[in-house]
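Undergrad: need a structure here:
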Amino acid sequence: MRPNRPKIGCHGSNLKMKFTKLLLMVIVFGASVKFTFAQNKFTAYLMPAATIKYALTKKIHQSFALEDRNFIYENDESDLRLKHLELAHFTKFELKENHQLGFGLSYRFESDKNHENELRLMQQYEWKNTAASIIKHRVRTEERIYTSLTKYRLRYQTKLTFPTKPFSDNLSVLNEAMVALCSQTKPEYEERLAIFAEWHFSKSFQLEAGPQYRLSDFTHNASHNLFLSAVLNFEI
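TA: Modelled structure (predicted):
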C-alpha cells in the first residue's frame, strides 16, 4: 500500500495566489500614496533645537528653547534654506503628583518678509494616571498673535514612552489633534504623529531625535509635512 503524498501543487498554487494578492495590494497602496502626495502639498523640514531646563523650587520648573526650522524639500525641489528662528519660554507648576499646569510664550522670526512674525501665548495641563504609567496626556490652548489677526488653537496630545535599550534609553510615540479658530478664516484641523528616541548621556545632558508627520488643514486645503528634528536638552 503506497503512502499518501502531500498535494504540493495545491499548496503551491495557494501560496502563489496569496503572494500575487499581496503584491497587488502593495502596488495599489504605493500608487495611492504617490497620487495623494501628487494632489496635495508636501514639504519637508530640518528642525534642530536646544533647550535649557532648571528648577526654581521642587514644584516650579522653567525652560528656555531655541528652534531653527529649515526647508529641505518644497515644491518638488530639494532646497536647504531657513524658514524661521523661534525663542520660547515655559514655566510649569506641579499641582500634585503627576499633574502639572504650565504657561509659556514664544516669538517666531520669519525669514520671508512676506510672512508675519508671530507672538504665541500658551497655557497647558499635563497629567499621568500614576507615576509608573507610560502614557502622558496634555491639553494646550494657544493664542497666535500676528500683526493682521489672531488665531486661537486647541491641542490634545497623548504620549507613550517606554525603554528601548540598547538602541536608546527611551522611545516616545506621540499623537496630537488640534483645531485653529479665527474670525477671518474657516476652522483648520490638524493631525500630528511622531516618534522620538532619547539618549541620556548624563543627568544634565540628553538628546532627542526622530521624525514627525503633520497633516494640516485636511478638511479644506490639505498639506503633508515631514519634520526631521533633533533636540539637545541641558538641565542645570
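Undergrad: for the chain, what spans make up the strands?
TA: 41-55, 60-74, 77-96, 99-110, 118-127, 135-145, 150-164, 168-182, 185-202, 205-216, 223-235 (DSSP state E).
Undergrad: could you dump the ones you listed into CSV and include mean pLDDT and mean neighbour count?
TA: Every C-beta, even on glycine, is put in place using the N, C-alpha and C of the backbone. Below are the strands of the chain laid out as CSV (pLDDT from 0 to 100; neighbours: other C-beta atoms under 10 Å):
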stretch, mean pLDDT, mean neighbour count
strand 41-55, 96, 15
strand 60-74, 97, 16
strand 77-96, 96, 14
strand 99-110, 98, 16
strand 118-127, 98, 16
strand 135-145, 98, 16
strand 150-164, 97, 15
strand 168-182, 96, 16
strand 185-202, 95, 15
strand 205-216, 97, 16
strand 223-235, 97, 16
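Undergrad: which strand residues bridge the residue lying closest to residue 209 once chain neighbours are set aside?
TA: Nearest residue to residue 209 in three dimensions, chain neighbours excluded: residue 230, at 4.3 Å (C-beta to C-beta, 6 or more residues apart in numbering). Counting by DSSP bridges, residue 230 forms beta bridges with residue 48, residue 209.
Undergrad: and for the one 4 residues further on?
TA: Partner residues in beta bridges with residue 234: residue 52, residue 205, with DSSP bridges as the criterion.
Undergrad: ok, now residue 198?
TA: Applying DSSP bridges, one finds that residue 198 bridges with residue 170, residue 208.
Undergrad: so the residue nearest to residue 209 sits against residue 49, correct?
TA: Yes: contact criterion C-beta atoms under 8 Å: residue 230 and residue 49 qualify, at 7.4 Å.
Undergrad: next, find the distance separating residue 188 from residue 64.
TA: Using C-beta to C-beta, to the nearest Å, residue 188 is found at 29 Å from residue 64.
Undergrad: neighbouring contacts of stretch 70-83?
TA: Contact partners of stretch 70-83, identified using C-beta atoms under 8 Å, 6 or more residues apart in numbering, comprise 42-47, 68-69, 110-112, 226, 228.
Undergrad: just the closest of those to residue 87, please.
TA: The closest of those to residue 87 turns out to be residue 68 (C-beta to C-beta; 10.8 Å).
Undergrad: next up, the contacts around that closest one.
TA: Residue 68 neighbours (C-beta under 8 Å, 6+ apart): 47, 48, 49, 82, 85.
Undergrad: tabulate these (a markdown table), appending distance to residue 106.
TA: Formatted as a markdown table, the contacts of residue 68 follow (distance: C-beta to C-beta, whole Å):
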| residue | distance to residue 106 |
| --- | --- |
| 47 | 14 |
| 48 | 16 |
| 49 | 12 |
| 82 | 17 |
| 85 | 11 |
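Undergrad: max pairwise distance over those residues: which two?
TA: Distances among those were taken as C-beta to C-beta; the most separated pair is 49 and 82, at 13.8 Å.
Undergrad: who's in contact with the residue lying closest to residue 139 once chain neighbours are set aside?
TA: Sequence neighbours aside, residue 125 is the residue nearest to residue 139 in space, at 5.1 Å (criterion: C-beta to C-beta, 6+ apart). Residue 125 makes contacts with 99, 100, 101, 102, 138, 139, 140, as judged by C-beta under 8 Å, 6+ apart.
Undergrad: specify the beta-bridge partners of the fifth one.
TA: Taking DSSP bridges, one finds residue 126, residue 157 as the beta-bridge partners of residue 138.
Undergrad: from residue 58, how far off is residue 236?
TA: Going from residue 236 to residue 58 by C-beta to C-beta gives 16 Å.
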